[in-house]
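Novice: Got a sequence here, can you build the structure:
(one chain, ligands or ions: 1)
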Amino acid sequence: MNALTLSVTKEYDCDVLVVGGGVTGIASAICAARQGASVILCETGGFLGGTATKGLVGPFMTCYDHAGENRIIRGFFAELVDRLIAEGGAISYEDCPGCDSYSGYRLTGHIGVTPFSVEIFKRVAEEMCLEAGVRLIYHTRLIACDTEDNVIKKAYFAAVPGIEAVTAKVFIDATGSATLAYHAGAETFRGDEEGFVQTASLFFQIRGVDREVLDAYMEKNLEPRKRFFMDEIVEARKVGKFPCGTYKFRIFEGLNGIWTVNMAQEDDQVNELDSEALSMAEIRQRKQIPELMAFLKETIPGCENIELLTSASDLGVRESRRIVGKIMLMGEDLQKSSYKEEQIAVCANSMDVHTSTGVSYLTHTGNNYYIPLGSLISKNIKNLMAAGKNVSADKFAFSAIRVMTPCFAMGQAAGITAALAAKADGDVAKVNVKDVQQLILENGGYLEC
Ligand SMILES: Cc1cc2nc3c(=O)[nH]c(=O)nc-3n(C[C@H](O)[C@H](O)[C@H](O)COP(=O)(O)OP(=O)(O)OC[C@H]3O[C@@H](n4cnc5c(N)ncnc54)[C@H](O)[C@@H]3O)c2cc1C
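Specialist: Sure, this is the predicted structure:
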């Protein structure tokens, strides 16, 4: 890749550069800095959290195993939740038994979710980064890299005053769209063999739900379709009351009387890497909100007096470009609990592929499974890691590990590995997985080895 011919207005240098400040980037940056690395985190927006804040997505999905008995995502995630609770910014997973308003009235896979306040999360995440010594640089969008002999030398950002550049020993892609990997010349892919990616959805927040009334309604209607209001949508369509593209949606109670609506699905595939297509999807979905509000008010008991607070500033993109890693984690690996030796995270979330018309493929593995370190390491670029939504996984494995709790765990492992590599020659594949596992455990993480 060639350097930009534009002039660079400012240069930075660090051991580990994290690009993207979503949940994955936050965990990566803090955990790398705690291992002694000098860390810079560059983020396009003006705050942290990514999909969790800009996208208004929540709650943090379950941190328990399939049976809802053993807490398997701990470490940095548990520490963050404790900080949030101390500031009145989260309800503990221990107080969310599932099947209630906090879990969208679902039980399987929803025992022990963590509702959180978007505002408090933004601030606490910043405080934790600064305490760890992470340099936060907002309003910087990665646009190019210099790569020589399969080693990234420099990353270039469109910044407020012009082009800025960062030199680092190790690079972590936490962009959610493998943008750093792509510009570095790493192998990446988007979609399955037919180009399919999961549907994207715009969230919005409301208040004024009468929880007792809604609870009573949901208690009578707890079969899955009702939890998604699908039958009500079919009936409303028959009388021309619900023309918009959404086939199902559900609502989650958050903190302080704020509820989140997980809404609007696209009839057609959105190319989230095309700015105009992304913008049009956001405009189409925002247009659906008044229709959804009217539907809720007229149809769902307990929602008669709701008010709209805000829609997400960014469309929630479930799936985008990912890296080709040393290991491509497959759906069958989850079912067989493969890669126990190389594990850096233990998860149990179900495989859950969203299409515009609902869930096309949903399976509960019924067992814990492992994310191997090799799925966070680029196949061809020596000093590049990618975690969270960028992980090397097929569509089925990805659909299970894309939720925020595994993203936190992957971020923790990526940060630790990057810091260890930065102390040596920067080649992340040379880091011994046993050393990473030991540090994960020493830092409160959960592994089965
Ligand atoms: C509609 C929807 C519903 C979901 N529901 C749930 C749920 O209920 N519970 C749950 O736990 N998970 C849920 N998820 C999944 C979860 O929210 C995401 O997978 C997770 O938040 C991804 O985190 P991330 O940090 O990997 O990526 P992101 O959140 O996408 O963060 C990437 C960050 O990188 C920044 N960035 C991107 N490009 C650049 C660039 N070029 N330069 C600099 N910065 C850049 C972005 O601004 C962003 O802040 C849902 C997701 C969606 C879309």
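
Novice: Name the residues of the helix or strand where Leu309 lies that are buried.
Specialist: With elements taken from DSSP states H and E, the one containing Leu309 is strand 307-311. Buried residues in strand 307-311, counting neighbours by 16 or more other Cβ atoms under 10 Å, are found at Ser311. Placement of C-beta: from N, CA and C, glycine included.

Novice: And that strand, what does it pack against?
Specialist: Other helices and strands packing on strand 307-311, by 3 or more Cβ pairs under 8 Å, 6 or more residues apart in numbering; DSSP states H and E, are strand 203-207, helix 275-299.

Novice: For the shortest one, which outside residues touch it?
Specialist: Residues from elsewhere that reach strand 203-207 (Cβ atoms under 8 Å, 6 or more residues apart in numbering): 55-57, 251, 254, 257-263, 289, 292-293, 296, 306-312, 316.

Novice: Likewise for the longest one?
Specialist: Contacts to helix 275-299, defined as Cβ under 8 Å, 6+ apart, come from residues 200-202, 204, 206, 229, 232-233, 236, 241-246, 249, 251, 261, 263-264, 266, 270-272, 303-306, 308, 311, 314-315.

Novice: go on, stretch 77-85?
Specialist: Outside stretch 77-85, the residues within contact range by Cβ under 8 Å, 6+ apart are 27, 60, 63, 71, 89-93, 114, 116-117, 120-121, 124-125, 128, 405, 408-409, 412, 444.

Novice: Check those residues one by one and keep those near the ligand.
Specialist: Taking Cβ under 6 Å from any ligand atom as the test, the ligand is in contact with 60, 405 out of the contacts of stretch 77-85.

Novice: Now the buried members of the contacts of stretch 77-85.
Specialist: For those, a burial check counting by 16+ other Cβ under 10 Å picks out 27, 60, 63, 71, 89-91, 93, 114, 116-117, 120-121, 124-125, 128, 405, 408-409, 412.

Novice: mind listing what the closest residue to Phe203 other than its chain neighbours touches?
Specialist: Nearest in space to Phe203, with sequence neighbours left out and distances taken as Cβ to Cβ, 6 or more residues apart in numbering, is Leu56 at 4.1 Å. Each residue near Leu56 by Cβ under 8 Å, 6+ apart is listed here: 118, 203-205, 260, 310-312, 316.

Novice: ok, 10 Å please
Specialist: Contacts were defined as Cβ atoms under 10 Å, 6 or more residues apart in numbering; by that measure Leu56 touches 49, 118, 202-205, 254, 258, 260-262, 309-314, 316.

Novice: Which one of the helices and strands packed on strand 307-311 lies nearest to Ala168?
Specialist: Nearest to Ala168, of all those, is helix 275-299, at 27.1 Å by Cβ to Cβ.

Novice: That closest one and the ligand in contact?
Specialist: No - Helix 275-299 lies out of reach of the ligand by Cβ under 6 Å from any ligand atom, never closer than 10.4 Å.
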